[in-house]
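**Student:** Prediction below, plus the sequence it came from.
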Amino acid sequence: MALVELIKNAYDADAGSVDVEFDGFAEDMTTQPGSRIVVRDDGCDMTPETVKTVWMNPATPTKFLAKKGESGGRQRETG
């Protein structure tokens, strides 16, 4: 379930791609010492200010009001 949530987060961040790597698992996909799942995406990062004022403040209309970029996604934040 957590893996699905991370992939959904990448989509929400307007990622063009998401890579999921299962590293250090046995052939039958059982975990081994040091097993890990790595999720990488090219989505937009959140600034510390966005985390404080939007993410930590439920029910803000920020996502709804975000202006769309040329690609149809939200503008990338810098900082």
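**Tutor:** Arrived safely.

**Student:** In this structure, where's the longest helix?
**Tutor:** helix 2-12 (DSSP state H).

**Student:** What is that helix packed up against?
**Tutor:** Identification of packing neighbours for helix 2-12 by 3 or more C-beta pairs under 8 Å, 6 or more residues apart in numbering; DSSP states H and E yields strand 18-23, strand 36-41. Every C-beta, even on glycine, is put in place using the N, C-alpha and C of the backbone.

**Student:** Show the model's pLDDT score for residue 60.
**Tutor:** As predicted, residue 60 sits at a pLDDT of 69.

**Student:** picking that back up, now the helices and strands packed on helix 2-12 in CSV, with mean neighbour count?
**Tutor:** CSV is the format used below for those (neighbours: other C-beta atoms under 10 Å):
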stretch, mean neighbour count
strand 18-23, 12
strand 36-41, 13
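
**Student:** For residue 2, find the nearest of those strands.
**Tutor:** Closest approach to residue 2 among these (C-beta to C-beta): strand 36-41, 8.8 Å.

**Student:** So what touches that closest one?
**Tutor:** 3, 6-7, 10, 13, 15, 17-24 (C-beta atoms under 8 Å, 6 or more residues apart in numbering).

**Student:** can you list these in TSV and add distance to residue 58 and pLDDT?
**Tutor:** Formatted as TSV, those follow (distance: C-beta to C-beta, whole Å; pLDDT from 0 to 100):
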residue	distance to residue 58	pLDDT
3	24	93
6	20	92
7	22	93
10	21	91
13	18	88
15	23	94
17	29	95
18	25	96
19	30	97
20	28	96
21	32	97
22	33	97
23	34	97
24	37	97
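
**Student:** in this structure, what spans have low per-residue confidence?
**Tutor:** Where the chain drops to pLDDT under 70, the residues are 60, 62-64, 66-79.

**Student:** Could you chop it up by domain?
**Tutor:** 1-43, 45-79 (automatic domain parsing).

**Student:** So what would you say the end-to-end distance of the longest one is?
**Tutor:** By that I understand domain 1-43. Domain 1-43 has an end-to-end distance of 20 Å (C-alpha to C-alpha, to the nearest Å).
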